[in-house]
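> What follows is a predicted protein model with its sequence.
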Amino acid sequence: MSSSASSLPERIELSGEGLVLRDWTEADVSAMPGLFDHPDIAYWTPIVTPFDETAARTRLVRDRELRREGTTILLAITLDGATPLGEIMLRRAPEGTEIGYAVGPAHRGQGLAARAVRVMAAYAFEQWGAERVILELEAENAASVAVAGKAGFRLLDVPPITGEEKGRPYTLQTWGLDRP
C-alpha cells in the first residue's frame, strides 16, 4: 500500500507484546474521560479538554470519519481486548507515517506506550508499506522521549516543527524508526 490515501479496514485488531490494540466502541465512551481528562493529556496532546462523555462521543465519531477518509487509525490499548488503558494512533501525514499515543494516568509505568508503538509500527511497515514511522515529541516531555527510546526510535536530524495548540506554543522533535 502506498502512502497515498486509500481505504482502511473497517475493523482492526492487532495483537503483540502482551497487548491487544482494538477499535474503540460505544461501550468505551464511559471509560474515555478517565483516560483523557487529565492535565498531562491536556498539556502534551491535542486531545480536547475538559474531556467528558460528550467529548468521548465526538472523538468516537471523528475516529470513524478519519478511518473512512483513509488517513488515520485510532485504537484502544488493552491487555486482553477488554478494558481500554489508552490510545494509539497511526496517521498518514505530510511529514510521514506518524504514530501518536496517550496512556491513562492510572495505567502508566507498565510499558504500555512503548509496546503499543512497536506493535503499531510493525503494522505500518507490513500493511502500509511504510519505510519509516515517526513520532513528533516535545523535548520537555520526558515520558514520551523515554517511550521513543524504549520503542527503538532515534532522534532525526530534521528541523523542529513549531506551532501553537490550546494557546500554548510548542516545538516538536521528530523521532524515526526505519523499516527493519
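Good, I have the coordinates. Note that the structure is a prediction, hence the values are computed from the model and not measured.

> Just give the number of residues close to residue 172.
Using other Cβ atoms under 10 Å as the criterion, residue 172 is surrounded by 16 other residues. Every residue, glycine included, has its C-beta placed from N, CA and C.

> Need the three-state assignment for it.
strand (DSSP: H, G, I helix; E, B strand; the rest coil).

> so what pLDDT did it get?
Per-residue pLDDT puts residue 172 at 96.

> how near is it to residue 160?
Plainly put, residue 172 is 6 Å away from residue 160 if you go by Cβ to Cβ, to the nearest Å.

> swap in residue 128?
Applying Cβ to Cβ, the value for residue 128 to residue 160 is 25 Å.

> The two: which has the busier surroundings?
Taking other Cβ under 10 Å, residue 128 and residue 160 do not tie; residue 128 has more neighbours (18 against 12).

> okay but that one is in contact with residue 99, surely?
No. The criterion here is Cβ atoms under 8 Å, and residue 128 misses it with residue 99 at 11.3 Å.

> show me where this structure has strands.
Per DSSP state E, the chain carries strands over the ranges 13-16, 19-23, 72-78, 86-93, 96-103, 132-138, 154-155, 161-165, 168-178.

> Count the residues that sit near the residue lying closest to residue 44 once chain neighbours are set aside.
Nearest residue to residue 44, sequence neighbours excluded (Cβ to Cβ, 6 or more residues apart in numbering): residue 141, at 5.2 Å. When neighbours are counted by other Cβ under 10 Å, residue 141 registers 18.

> what do you get for residue 39?
9.

> what's the answer for residue 108, then?
14.

> go on, the one 10 residues further on?
For residue 118, the neighbour count with other Cβ under 10 Å is 20.

> and if you look at residue 123?
For residue 123, the neighbour count with other Cβ under 10 Å is 21.

> That one reaches residue 90, doesn't it?
Yes. Residue 123 lies in contact with residue 90 (Cβ under 8 Å); the separation is 6.8 Å.

> Low-confidence regions, this protein specifically.
Where the chain drops to pLDDT under 70, the residues are 1-6.
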